[in-house]
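[1] Okay, here's the prediction I keep looking at, along with the sequence it came from:
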Amino acid sequence: MVTKVGWKEVAITSLPLILAQLSEIVFSLVDTVMVGKLGTTELASVGLSMTAVCFIQAAILGIGNGVQAQASRRVGEGKKVLVGDAMKSGIYLAITLGIPLIFLSIWLAPFFMNLISDNKEIADYGTKYFEIRMIGIIGYAINISFRGFWSSLKLDKYFTWITLISHALNIILNYLLIYGNYGFPRLEVAGSAIATNIALYFGMVLHFFFLIKKRKEYGFNFKIPKKKNFVSLLSLSVPSGLQQMFFWLGFVVLLWIVGKVGEGDLAITHVILQFNFVSILIGIAIGVASGAMVGRAMGQERNEEAYEWGIIAAKYAFVIIGSIGFILAVFTQFITKIYFEKELLQTAFWPFLISSAIMWTESIVFVFMYSLFGAGDMKRPVIVTVLLQWLFFLPLCYVIGYQYKFGVLGIWSLFAIYRVIIAILLYKQWKDRKWQLKTV
């Protein structure tokens, strides 16, 4: 049985992942500032194309979840020598999916950018940035696979340190390639994309360095994986990848709906989402840690322990994310005065307060979702989250927020109801223990 020690282990396991996730936010802010110095057009083009980049990346995020589910189960079974098979399958799957994605994305880039932007200059810059970033998609997929791999082995520190080093390198390369400093060519927007790709592949090389050092211990080699292992990983990866795609695409649709409501409402939503993404990233980090512990326990046939890991991780996440939400709710008036002009303050107050007050739901949603993924139960959480987002939340946002003119207050009230429902349903899926019947 899991005791109080469980809280400490969840904290120790998830902390490196939380730091890695938060570093993404810091790097994003620095990158935005550096590109912003080029001009408004360049900044807008990168911001616009990043929407497309995130959507494509979401399609292959599932590989990391699949690798973690397989690897953590082998660790729990005491078959650490087979853990390398999961990582090898992840690498080959990343390449198999990545190559066609690169060519398809580059082919469709001009059409897509001109579709979402009426400004030709922004679309042209955005197309160039997007095309270059897509060359890094395989490196991104393999790095995400390593996140699941190291987490299953309780070696999350590798992923965290490599992520931090990669981000530091990216910032240095930005300085050199965006502005043409120290004799480097001035590549501007293209320089930002190239810098990110170099950092991604550099991080990938570092991951391989540490893996190859322990290749015998983990049974890793570069031979073509067995068909059974590869197909199993594909079946685990596709559902969670689709869920991520629909999840992020849903945010794009949400912004489109809010944009139809009004420019001020869109500005308010952008700010709220920035705070909300922090809670999402923390929830994912703790969820990934929980998924690894669940998988290891199931490999040891300790199903009751696996169940308790999910519960403890959700409580831990609830304390952290709930505390952040509580602080934001208490200081809503102060925060809104920082971000908004006087004419938007009254409109922004209640949506911001509501979003802060229900931030705790992200602890339940993401911890139980990733815990289910770690158990190999991919389809059930995906079905619930995708259907509720696309058949309930988004249609009602359009009707209530836009057609019935309840605006941003109506939309964020709906968001609160939608997240509470998903939290309840995912908790029920965890509680019914059907995931304990899954084999990986």
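    The structure has been received and is ready for your questions.
[2] Asn174 versus the residue in the chain sticking out farthest from the centre, what's the distance?
    The centre of the chain is farthest from one residue, Gly183, which by Cα atoms, centre = their mean lies 36.1 Å away. To Asn174, Gly183 is 16 Å away according to Cβ to Cβ, to the nearest Å. No exception for glycine: its C-beta is placed from N, CA and C like everyone else's.
[3] Could you do Arg186 as well?
    Counting by Cβ to Cβ - Arg186 and Asn174 are separated by 12 Å.
[4] again with Gly136
    Using Cβ to Cβ, one gets 14 Å for the distance from Gly136 to Asn174.
[5] ok, now Ala44?
    Per Cβ to Cβ, Ala44 is found 18 Å from Asn174.
[6] of the two, who's got more company?
    Taking neighbours as other Cβ atoms under 10 Å, Ala44 and Asn174 compare with Asn174 leading, 22 against 18.
[7] who's in contact with that one?
    The contact partners of Asn174, by Cβ atoms under 8 Å, 6 or more residues apart in numbering, come to Val30, Asp31, Met34, Gly191, Ser192, Ala195.
[8] Pick out whichever of those sits closest to Val10.
    Within the contacts of Asn174, proximity to Val10 (Cβ to Cβ) peaks at Val30, which comes in at 30.1 Å.
[9] Could you pull out the buried residues of the helix or strand hosting that closest one?
    Taking DSSP states H and E as the definition, Val30 sits inside helix 5-36. Using 16 or more other Cβ atoms under 10 Å as the test for burial, helix 5-36 gives 6, 9-10, 13-21, 23, 27, 31, 34-35.
[10] Need the CA coordinates for stretch 112-126. PDB is fine.
    Only the C-alpha atoms of stretch 112-126 are listed here, as PDB (Å, rounded to 0.1, in the frame of the first residue of the first chain):
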ATOM      1  CA  PHE A 112      -2.900  27.500 -44.700                       C
ATOM      2  CA  MET A 113      -1.100  30.800 -43.900                       C
ATOM      3  CA  ASN A 114      -3.000  32.700 -46.500                       C
ATOM      4  CA  LEU A 115      -6.200  31.200 -45.200                       C
ATOM      5  CA  ILE A 116      -5.800  32.400 -41.600                       C
ATOM      6  CA  SER A 117      -4.200  35.800 -42.500                       C
ATOM      7  CA  ASP A 118      -5.500  38.400 -44.900                       C
ATOM      8  CA  ASN A 119      -2.100  40.300 -44.700                       C
ATOM      9  CA  LYS A 120       0.100  39.000 -47.400                       C
ATOM     10  CA  GLU A 121       3.400  40.100 -45.700                       C
ATOM     11  CA  ILE A 122       2.400  38.300 -42.500                       C
ATOM     12  CA  ALA A 123       1.400  35.200 -44.400                       C
ATOM     13  CA  ASP A 124       4.700  35.200 -46.300                       C
ATOM     14  CA  TYR A 125       6.800  35.500 -43.200                       C
ATOM     15  CA  GLY A 126       4.600  33.000 -41.400                       C
END
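[11] Tell me how many other residues surround the closest residue to Ser240 other than its chain neighbours.
    Closest residue to Ser240 apart from its sequence neighbours, by Cβ to Cβ, 6 or more residues apart in numbering: Gly62 at 3.8 Å. If you count neighbours by other Cβ under 10 Å, Gly62 ends up with 28.
[12] just Trp360 next, same as before
    Quick note: Trp360 (other Cβ under 10 Å) scores 24 neighbours.
[13] thought it was touching Ser323?
    No - using Cβ atoms under 8 Å, Trp360 is not in contact with Ser323, being 9.0 Å away.
[14] and the gap between Asn303 and Lys434?
    Taken as Cβ to Cβ, the span from Asn303 to Lys434 is 12 Å.
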